[in-house]
Every structure is written in structure tokens, then in C-alpha cells.
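Q: need a 3D model of the sequence below.
(one chain, ligands or ions: 1)
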Amino acid sequence: MSDTATLKIGNDTYTLPTIVGTEGERAIDVKPLRRESGHITLDPGFLNTGSCRSEITFIDGERGVLRYRGYPIEQLAEQSSFLEVAYLLTQGALPSPSALTEWEQRITRHTLVHEDMKRMYEAFPPNAHPMAILSAAVSALSTFYQDEVDPLDPDQVQINTIRLLAKVPTIAAFSLKRSQGHRYTYPDNGLSYAGRLLKMMFGYGTEPYELDEDQESALDKLLILHADHEQNCSTTTVRIVGSSKANLYASISSGISALWGPLHGGANQAVIEMLETIQNDSDGIDKYVRLARDKSSGFRLMGFGHRVYKSYDPRAKILKGAADKILAGLGQKDPLLDVARRLEEVALEDSYFREKNLYPNVDFYSGIIYRAMGIPVNMFTVMFALGRLPGWIAHWREGNEQGLPIGRPRQIYTGSGERPYVPVGQREE
Ligand code: ACO
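A: Alright, predicted model coming up:
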């Protein structure tokens, strides 16, 4: 039996149930508190608020542990494939060999988008940010399947899961081609998921595309590392939108918008821009560490710090090792990797970063690898979205299956008390 928590407000005492998770995480169930005491809990930014119970992903931020459905991220990145991880996350278990083959075949058969979708791209200015296009296009996808978007119908949920996993890479690659003024390259279903994505982004159709296997496997690994991260900003957005029984496409589109921000998925773009600025500044790294320490500067070291990890982000650890290997495989040397490594060394020795437990996060090294592959900087967050897709879908499905109530936080009102309306003609200038 779980313990209970006792809360004393004035002379009144309230007993609240507690909940213990599989890995020993503890929560106080505050649901009855307002009804019984008239108080709500106030926690802006949800720093200490659990919004659900979930079986999908476990993170121990103190020890740098990340597991999808119990499997350590290191083992999945080394031995699994992105499509298998997508199955694990969305379907709940690792697939049998035949289930995996069927899953891969089903996804591969749905890679085309309706030809009318292409006209939508033409409505955007050529320099439109691909995250804006991605979010709009994913929402628009629902209009092609309007009679099949019932969140409570398991068959419809499953086909929309397949469609999204299959079509979002096509949509993303088309948005890149559009921004370059190039002809769209259609999906080549003879290739792997990552291989197909690379060909759609970098193939021209006028000449054979030679797939680089190192890039293909690096991209697959990057997608796996981004596939889920429990209740982060975009996933919480997807769950909240889904809680209103909005369809899967609309919910995922909202998640893409949430991911776009520079404090979330947009950080990988911001990291490269920051490293370039440091590289071009003769004042060197120390200046930027000094700026980051000084709150009044408004400057933060992008790719450092994490709401949950208070030790090294395990994904950053994998990518740090991978960056060198991938660049060597591609026959490249990126001076930004040297800047990144030196910056990390300086920051990790610095008392400010040590005291606040600020370590590199997943975005610190991912951008360097994307850059080496020739992926333009404004596509980095799109790459993150492609990886996070199965996680978003898994959480949306779990929320639906749990039949959670609509997400609706409360507030403490701090505005004016009641006052009479003054007609415009009677107001002072
Ligand atoms: N550089 C300098 N100082 C920092 C940094 C940073 N990158 N990150 C946090 N701090 C400081 C804050 O100023 C704050 O100091 P204080 O306690 O004296 O007020 C303290 O560390 C805690 O920071 P918060 O912003 O309160 O921590 P929070 O958990 O809210 O934020 C976040 C986490 C948003 C990731 C933050 O570390 C940050 O802005 N990092 C840079 C952006 C980034 O890399 N984002 C990617 C996150 S990973 C992802 O989304 C995949």
C-alpha cells in the first residue's frame, strides 16, 4: 500500500494519496485538494507537476538514463532501426520478425502524398521556414482523410499512424526542395526509411542518386535518439490537443509548432548559429562563457542545460562519439566540431555551469552531424520533428486509450477586481 501525504493549511489537515511509479518515482495526488480545501497547486512551467501516468519512456535526469519501454537508449541506438523503434513506441512492444516486416511494408506503401498537396507548397514564399510548412502540411493532411480521423476508432488510429510515419518524411523533403526551387524527388520505396529520406532531400531525378551507407545509418541513429522524451513541451502539447479529441493530424501539427521554439527543438539550429558566431569572433570562447554567466546579457549557451537532465544527456554522449566517426566516414573535418568540443571543455570546468548542473543536451552535437550531411540549418528542427513523430503518436494514443479528461489547468487571477465599463467617449486620453 502507498503512503499518504498530510497537508496542513491553517488549522485544517488534509490527507492526500501518493503514487509510486515502476522506478520508484513518487507523486502526491492533488486531485481532491480543491474540492476539499478550496486550494489549487500553482506550478508555472510545470516544474514539479506530473500530468499523466505513462508506460512509454523513463528518464532519470540525475543518472542520465533514458529508456523507451524499458529498453536502454544506448542498446536501441546500437542495435535497432528507427522503424522498429517506431513500432516499439506506438504499438507497445518490440515486434516479432514477421510483424516488423509487415510494419515496414505497410509504412513503405504509404509514402506518397496526394498530388494536390504539392499546390499547397506553391502558396508559400520560397524562403518560408520548413517548420511552418511542415506544421501546415501535416494539419492539411487530415483534409484528405476526413472520414477516417475518429480518435476513438482503433483501426482509423492505426492507419493514420502508418500514414503519418510514411508521409511526413515526404512532406519534409518536398519543403526543402520547394525552398531550393528544385523539382520534388518522389519516394524510392526500394530504400530504407533513412535512405529514402536522404534521396528525397538530395536526389535530383536527372542523375542516379548514390546513397552513402554511413549517412544512412547515422541518420537512422539520429532519428532513434530523438524518438521520444516523455512529457516535454511538444509532447505535452500533442497530449493536451489530443485530450480535446482533436484528430491525430491536428494534434501532431501542434506538436511541430511547439517544437519549433529555440528553447526546444529549435535549439539545434541556434547551436550552429552560436558556434559560427564564436568561430568568427577573435575574442574566443571565454567571452561567450562569461556572457552566459551574466544574466543581464540575455545570452545562454545553446545546447546546454535541460529541464530534466542534471547530468550529461545520454543522447549527447552517443552523438559526441558519433560526430567524430561520421565526419571521418564522410571524409570531412568541421572546424565547428572543434569549437564545440573546446566550448564544452571550458563550460564543464566553469563553476557557474557546474553549480547549476548544465551539461550539453542532444542538440549540442546533432547539428554538426546534420551539417556534415549537407542538411541546411533551417531543416535541423524538421529533422528533429521526423525523429520525434513516433513519440508524439505514442503519447497521443496512450492519452486517448487512458480516456484522460480534457487538459485544462487552473490559474490564480491577479488582474483588476470588478469595475464598471466606461464608454469610449467618457474615457481620458
Ligand atoms: N546557459 C546559461 N545559463 C543557463 C542555461 C544556458 N544554456 N540553461 C540554464 N541556465 C541557467 C538559468 O539562467 C537558471 O539560472 P538561475 O537558477 O540562476 O535562475 C538555471 O540555469 C536554470 O535554468 P532554467 O531556465 O530555469 O531551467 P529550465 O529547466 O527552465 O530550462 C532549458 C531548461 C530551457 C533547456 C535551458 O537550459 C535553456 O534555455 N537551454 C538553452 C536552450 C537549449 O539548449 N534548449 C534545448 C533543450 S533540449 C530539447 O529541447 C531537445
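Q: how much space between Asp147 and the ligand?
A: In this structure, Asp147 and the ligand are separated by 36 Å, where distance is defined by C-beta to the nearest ligand atom, to the nearest Å. (Glycine included, C-beta is placed from N, CA and C.)
Q: so that residue: helix, strand or coil?
A: Assigned with DSSP: H, G, I helix; E, B strand; the rest coil, Asp147 falls in the helix class.
Q: give me the pLDDT value at it.
A: The per-residue pLDDT reported for Asp147 equals 92.
Q: Lys317 now?
A: At Lys317, the predicted lDDT confidence score is 89.
Q: now Met379
A: Model confidence at Met379, expressed as pLDDT, equals 94.
Q: give the helix, strand or coil label for it.
A: Secondary structure, three-state DSSP: Met379 is helix.
Q: hang on, isn't it packed against Leu176?
A: Yes - when contacts are counted by C-beta atoms under 8 Å, Met379 is listed as touching Leu176 (5.7 Å).
Q: got any residues that touch both of these two?
A: 130, 201 (C-beta atoms under 8 Å, 6 or more residues apart in numbering).
Q: what residues of stretch 50-60 count as buried?
A: For stretch 50-60, the neighbour count (16 or more other C-beta atoms under 10 Å) marks 50-51, 54, 56-60 as buried.
Q: secondary structure and distance to Thr15 for those residues - can I get that in JSON lines?
A: As requested, the buried residues of stretch 50-60 are exported to JSON lines (DSSP: H, G, I helix; E, B strand; the rest coil; distance: C-beta to C-beta, whole Å):
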{"residue": "Gly50", "secondary structure": "coil", "distance to Thr15": "19"}
{"residue": "Ser51", "secondary structure": "coil", "distance to Thr15": "23"}
{"residue": "Ser54", "secondary structure": "coil", "distance to Thr15": "26"}
{"residue": "Ile56", "secondary structure": "coil", "distance to Thr15": "31"}
{"residue": "Thr57", "secondary structure": "strand", "distance to Thr15": "31"}
{"residue": "Phe58", "secondary structure": "strand", "distance to Thr15": "29"}
{"residue": "Ile59", "secondary structure": "strand", "distance to Thr15": "30"}
{"residue": "Asp60", "secondary structure": "strand", "distance to Thr15": "29"}
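Q: widest-spaced pair of these?
A: Ser51 and Asp60 (18.6 Å; C-beta to C-beta).
Q: can you tell me the residue of this structure closest to the ligand?
A: Gly305 (2.3 Å; C-beta to the nearest ligand atom).
Q: tell me where the stretch 51-200 of the chain has helices.
A: For the stretch 51-200 of the chain, applying DSSP state H, counting those that start in this stretch gives helices covering 73-79, 82-91, 97-108, 117-122, 130-141, 154-180, 193-202.
Q: other SSEs contacting the shortest one?
A: When contacts are defined as 3 or more C-beta pairs under 8 Å, 6 or more residues apart in numbering; DSSP states H and E, helix 117-122 packs onto helix 130-141, helix 154-180.
Q: could you identify which of the ones you listed is most buried?
A: Across the helices and strands packed on helix 117-122, averaging neighbours per residue (mean count of other C-beta atoms under 10 Å) puts helix 130-141 on top, at a mean of 22.
Q: next, the angle from it to helix 154-180.
A: Calculated by axes from the mean of the first three to the mean of the last three C-alpha atoms, to 10 degrees, helix 130-141 forms an angle of 140 degrees with helix 154-180.
Q: hang on, the earlier thing: okay, the buried residues of stretch 50-60 in CSV with distance to Ile256 next?
A: What follows is the buried residues of stretch 50-60, written out as CSV (distance: C-beta to C-beta, whole Å):
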residue, distance to Ile256
Gly50, 24
Ser51, 20
Ser54, 21
Ile56, 19
Thr57, 19
Phe58, 25
Ile59, 22
Asp60, 28
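Q: return the member of the residues you listed nearest to Ser296.
A: Ile59 (32.4 Å).
Q: that closest one reaches His306, doesn't it?
A: No - in this structure Ile59 lies outside contact range of His306 using C-beta under 8 Å: 9.7 Å.
Q: coming back round to it: just say helix, strand or coil for the nearest residue to the residue of the chain closest to the ligand once chain neighbours are set aside.
A: Taking C-beta to C-beta, 6 or more residues apart in numbering as the measure, Gly305 lies nearest to Leu358, with 4.4 Å between them; neighbours along the chain are not counted. When the structure is reduced to helix, strand and coil (three-state DSSP), Leu358 reads as coil.
Q: residues near Leu358, how many?
A: The criterion is other C-beta atoms under 10 Å. On that basis, Leu358 has 20 neighbouring residues.
Q: give me the contact list for the worst-scoring helix or strand of the chain on mean pLDDT.
A: Per-element confidence for the chain was summarised using mean pLDDT, DSSP states H and E. The lowest value among helices and strands belongs to helix 314-329, with a mean of 85. For helix 314-329, the external contacting residues (C-beta under 8 Å, 6+ apart) are 64-66, 73-74, 77, 214-215, 218, 221-222, 225-226, 333-334, 337, 359-362, 364-366, 368-369, 372.
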